[in-house]
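**Student:** Need a 3D model of the following:
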Amino acid sequence: MPGSPTTPESLATTPGELEERANAAATAFVEWSTLAPRTRARALVAAADALDAAADELIPIAMRETGLTEARLRGELKRTAVQLRLFADVVIDGEYLDVRIDYADPQFTLGPRPDLRRVLTPLGPVLNFSGSNFPFAFSVAGGDTASALAAGCSVIVKVHSGHPELSQRTGDVVAAALVGAGAPSNTLQLIVGQEQGVAMLRHPRIRAGSFTGSIHAGRLLADVAAARPDPIPFYGELGSVNPQFVTRAKLDEDLESICEGFVASVASSAGQFCTKPGFLFVSDAAAAGESIRVAAEAVSEHRMLNPRIAQGYQQRRAEVLATPGVEVLVPGTVRFDGDGQGWVTPTIVSTTVATLASSGPRLLDESFGPLAVVVQYEDESQLADLARRLFPGNLTGGVHALLDESSPELVALIDQLRQCSGRVLFNGWPTGVAVTPAMQHGGPWPATTNDAGTSVGTAAIGRFLRGVSYQNVPQHLLPMVLRDDNPWGVPQRVARAGESTTWGERAS
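**Tutor:** As a prediction, the model looks like this:
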């Protein structure tokens, strides 16, 4: 195909190379996981600095391979570097280790207690499957890689076929920076090929997996991880439609701003975000439709990530448009150029609650691209139940209401979104995920394979750690973080002898 990047199959990792890289990752893990916190942190910062320095080389490659704009990619590369620096601070702080020390207590209320010391320890080599729609932030040096490295794990990245050249150059830049700052060789490595990724997921050296992609592929990989003789954790970020609910009062007061924000969020980067709002519930679809049409007229044509994704979007769009009971508000366009790349403008349709509920997957499934559905409801009292029945698992759910609204229906809706979403938004749009400690980017199935985890925010480090307790171990044989002199200065939660006799008193 003219203009296509070198196909990853021509660079596919051989079985012998897979074995070498798995063993090398295991060797690197032994050293990397025991380095002093400041050494690991300096290596993460060095990787961030190296990405910043290489921006003018990496951005043009990313633009060519993905079709994303320079402004979008520069912002994403900055986010990637910020993630690495954020986790450097997490490593130095040490709170993520959750160190607990219970001193020996001969007078313990349940009988003599031994000296017990618990810490979270890194799992081992991690396999990260890159995402296509974030060639920096969820790819070679993205959030999964950053959090696994911060945890003390070595990382192998399965390169995404949509941006192979960018992946290789990013890997070269980051791996060299890590080693130059004191990390062992092979702390970060790459592999190429779909079958190779599955084979590596099965390798006994790999102790956890992470993935950003489709529900179908994510479920297959999760099953592979679970079916191993020694099952391992697998953290997949899969599908989400991120429903948005607008109260009648909010629509009456802010109709135009709601519709403009909705269209902008749907159309951003051709709708190729896992946080794109797929559904907008309003009390007056006709009024919203007029404002949505006006806003959509200003949206320029945008290239999709690659021909395969564009073809999939074209098929999904045709399925939605052919669904009985659907009215087209904005028809949108799909055009393929001479290189097979797809160029699109937003398609937005409307329907009723009854049609949406009866259509099943034809409407409710995710549309990866700039397509969304406006749904007219009759009464706000039905919104919480609709969220429960139709949207059991999402990365986000949103409410748009006036600041002084506090009806029982609104309270019930927000509570239901808490149960079926990882992030609940108020008067905001879900595209744009802040890289910050309190962020939760995960949710119930099918948003993720494990809704206890997050792939953004400092809590992401917890996916690649497990607890270990040491009982009556002499000081000189304990890990540094568990010793009384605490040479690394990490926070320690200490339970001293005699405390058990006062347990429960604070409740009175």
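**Student:** Nearest residue to Asp337 in space, please, no chain neighbours.
**Tutor:** Closest residue to Asp337 apart from its sequence neighbours, by Cβ to Cβ, 6 or more residues apart in numbering: Trp343 at 6.5 Å. Using the backbone N, CA and C atoms, a C-beta is placed for each residue, glycine as well.
**Student:** Could you look up the SS state of that neighbour?
**Tutor:** Judged by DSSP: H, G, I helix; E, B strand; the rest coil, the three-state class of Trp343 is strand.
**Student:** Distance of it relative to Thr333?
**Tutor:** According to Cβ to Cβ, to the nearest Å, Trp343 and Thr333 sit 8 Å apart.
**Student:** Overlap in contacts, these two.
**Tutor:** Glu301 (Cβ atoms under 8 Å, 6 or more residues apart in numbering).
**Student:** who has more neighbours, the two?
**Tutor:** More neighbours surround Trp343 than the other of Trp343 and Thr333, with 17 against 11 (other Cβ atoms under 10 Å).
**Student:** buried stuff in stretch 218-225?
**Tutor:** 218, 221-222, 224-225 (16 or more other Cβ atoms under 10 Å).
**Student:** Can you tell me how far the residue nearest to Asp337 is from Phe368?
**Tutor:** From Trp343 to Phe368 the distance is 16 Å (Cβ to Cβ).
**Student:** those helices in the stretch 401-508 of the chain, which residues are they?
**Tutor:** 408-420 (DSSP state H, counting those that start in this stretch).
**Student:** picking that back up, so which of the buried residues of stretch 218-225 belong to helices?
**Tutor:** Applying DSSP state H to the buried residues of stretch 218-225, the entries found in helices are 218, 221-222, 224-225.
**Student:** any chance of these in a markdown table, plus pLDDT and distance to Ala47?
**Tutor:** Converted to a markdown table, these look like this (pLDDT from 0 to 100; distance: Cβ to Cβ, whole Å):
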| residue | pLDDT | distance to Ala47 |
| --- | --- | --- |
| Gly218 | 94 | 27 |
| Leu221 | 97 | 26 |
| Ala222 | 97 | 29 |
| Val224 | 98 | 29 |
| Ala225 | 98 | 27 |
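**Student:** So if we follow the domain assignment, how does the chain break up?
**Tutor:** As given by automatic domain parsing, the domain ranges for the chain are 8-238+454-465, 244-426.
**Student:** Run the chain-centre distance for the first one.
**Tutor:** Taking Cα atoms, centre = their mean, to the nearest Å, one finds domain 8-238+454-465 lying 13 Å from the centre of the chain it belongs to.
**Student:** centroid residue for the chain?
**Tutor:** The centre of the chain sits closest to Ser455, judged by Cα atoms, centre = their mean, with a distance of 3.8 Å.
**Student:** contacting residues for that residue?
**Tutor:** 138, 143-144, 147, 210, 212, 235, 237, 441-442, 448.
**Student:** Likewise for Gly124?
**Tutor:** Taking Cβ under 8 Å, 6+ apart, we find Gly124 in contact with 26, 29, 153-154, 205-208.
**Student:** Can you tell me which of these end up in strands?
**Tutor:** Using DSSP state E, the subset of these located in strands is Ala208.
**Student:** In helices, which of the contacts of Gly124 fall?
**Tutor:** Cross-referencing the contacts of Gly124 against helices under DSSP H gives 26, 29.
**Student:** nearest to Gln471, of the contacts of Gly124?
**Tutor:** Distances from Gln471 to the contacts of Gly124, taken as Cβ to Cβ, are shortest for Arg207 (23.7 Å).
**Student:** Excluding covalently adjacent residues, which one is nearest to that closest one?
**Tutor:** Take Arg207 and drop its neighbours on the chain: the residue closest to it by Cβ to Cβ, 6+ apart is Gly124, 3.3 Å away.
**Student:** before we move on, what about Val328?
**Tutor:** Leaving aside its chain neighbours, Val328 sits nearest to Val349 (5.4 Å; criterion: Cβ to Cβ, 6+ apart).
**Student:** bridging residues for the one you found?
**Tutor:** Val328, Val373 (DSSP bridges).
**Student:** was I right about it contacting Val320?
**Tutor:** Yes - Val349 lies in contact with Val320 (Cβ atoms under 8 Å); the separation is 6.4 Å.
**Student:** who has more neighbours, these two?
**Tutor:** Ranked by neighbour count (other Cβ under 10 Å), Val349 and Val320 place Val349 first, with 23 against 20.
**Student:** in the host helix or strand of Ala199, what's buried?
**Tutor:** Element membership of Ala199, judged by DSSP states H and E, is helix 194-202. Applying a neighbour-count criterion of 16+ other Cβ under 10 Å, one finds 196-197, 199-201 buried in helix 194-202.
**Student:** What about Glu327, how many residues nearby?
**Tutor:** Using other Cβ under 10 Å, Glu327 is surrounded by 13 other residues.
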